[in-house]
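Peer 1: Fold the following and give me the result.
(one chain, ligands or ions: 1)
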Amino acid sequence: MPNPRLLLPVAITLLLVGSGRLVAQGPAGGWPQHSMERPKPPVERAPAQRLPVPAPAGAIVLFDGHDLSWWEKWDGTPAGWRIADGAMVVVKGSGGIQTRVGFGDVRLHVEWASPKPAVGAGQDRGNSGVFLMGRYEVQVLDSYGNDTYADGQAAALYGQFPPRVNVSRAPGEWQSYDIEFRRPRFDSTGVVLAPARVTVRHNGVLVHDAVALLGPTSNGRRDPYVMHADQLPISLQDHGHPVRFRNIWVQPLAP
Ligand code: MG
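Peer 2: Reported below is the predicted structural model:
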């Protein structure tokens, strides 16, 4: 006969594990950051998706294929990326770009394509990133037949959580991210009242469902939350690879 005083906590634990919440809230499932041993998400073929996805009424179009008027460098000077065939293209060494205005809770749509032909391997192949509030990265990478650590592949919440599945399309093909982001909440002294939460659809497939971030995303370390403003720019990464972006729009969400 098991000790009845143990039954309730055991039942709650099983409930949480069964719902996935305990795993999502633990230290990245217990895996060391960037572990090559961490299981790779299964590769699946994404369903056909009609791209570009038109911006809904009321959405703010951050890039419509014509100009970078919504964007600047991180130091506030003009964005150095080039525009070609209705896309913005990362220019190596020109630096990342960010929106001129800040956003908090948002739904964000981004379309991107890896360079074709593919060059390099692992993290050195089609690397870029979509940073909510300039510090919470949804990884952009060519993960089509390209092995890397699970928490750094395409659609990973970088350095923390791999996507549930790998639905990457081939180099040169347009892909989509639909991100719902809830910013972290802090009290007036900087104590975290609620972590940032991220839901991501990659090529229309749900790969993160309201995952609680452990803190800002970083390479080679896991940083704690540091209190920041309620609205900060969305940024895109220059990782030295000519990744293309197009059709970027955002809808601020009510808290
Ligand atoms: Mg990146």
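Peer 1: Could you find the closest non-adjacent residue to whatever residue of the chain ends up closest to the ion?
Peer 2: Residue nearest to the ion within the chain: residue 129 (3.3 Å; CB to the ion). Heads up, the C-betas are built off the backbone N, CA and C, glycines and all. Nearest-residue entry for residue 129: residue 237, 3.9 Å, with adjacent residues in sequence omitted and distances by CB to CB, 6 or more residues apart in numbering.
Peer 1: any chance you could map the strands in the stretch 151-255 of the chain?
Peer 2: All strands of the stretch 151-255 of the chain, identified by DSSP state E, counting those that start in this stretch, fall at 175-182, 185-186, 192-194, 197-202, 205-212, 235-236, 244-252.
Peer 1: so is the residue of the chain closest to the ion in a helix, a strand, or just coil?
Peer 2: For residue 129, the assignment made with DSSP: H, G, I helix; E, B strand; the rest coil gives strand.
Peer 1: Now do the same contact list for it.
Peer 2: Contacts for residue 129 (CB atoms under 8 Å, 6 or more residues apart in numbering) come out as 137-140, 158, 236-237, 239.
Peer 1: The same query, at a cut-off of 10 Å, please.
Peer 2: The contact partners of residue 129, taken as CB atoms under 10 Å, 6 or more residues apart in numbering, are 96, 136-141, 156, 158, 217, 235-239, 243.
Peer 1: Inside helices: which ones of the residues you listed?
Peer 2: If you go by DSSP state H, these have nothing in helices.
Peer 1: Of the residues you listed, which are in range of the ion?
Peer 2: Contacts with the ion within the contacts of residue 129, counted by CB under 5 Å from the ion: 139, 237.
Peer 1: Narrow the contacts of residue 129 to those that are buried.
Peer 2: Buried residues within the contacts of residue 129, counting neighbours by 16 or more other CB atoms under 10 Å: 96, 136-141, 156, 158, 217, 235-239, 243.
Peer 1: of all those, which comes closest to residue 251?
Peer 2: Of all those, residue 138 has the smallest distance to residue 251: 16.5 Å, by CB to CB.
Peer 1: what about that closest one, distance to residue 132?
Peer 2: According to CB to CB, to the nearest Å, residue 138 and residue 132 sit 7 Å apart.
Peer 1: For the two, list the residues in contact with both.
Peer 2: 108, 157, 179, 181, 198, 217.
Peer 1: May I see the PyMOL selection of the buried members of the residues you listed?
Peer 2: To isolate the buried ones among the shared contacts of residue 138 and residue 132 in PyMOL, judged by 16+ other CB under 10 Å, type:
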select buried, resi 108+157+179+181+198+217
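Peer 1: would you turn the shared contacts of residue 138 and residue 132 into CSV with distance to residue 224 and pLDDT?
Peer 2: Below are the shared contacts of residue 138 and residue 132 laid out as CSV (distance: CB to CB, whole Å; pLDDT from 0 to 100):
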residue, distance to residue 224, pLDDT
108, 24, 99
157, 16, 98
179, 23, 99
181, 19, 99
198, 17, 98
217, 12, 98
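Peer 1: Out of the shared contacts of residue 138 and residue 132, which is nearest to residue 119?
Peer 2: Distances from residue 119 to the shared contacts of residue 138 and residue 132, taken by CB to CB, are shortest for residue 217, at 24.6 Å.
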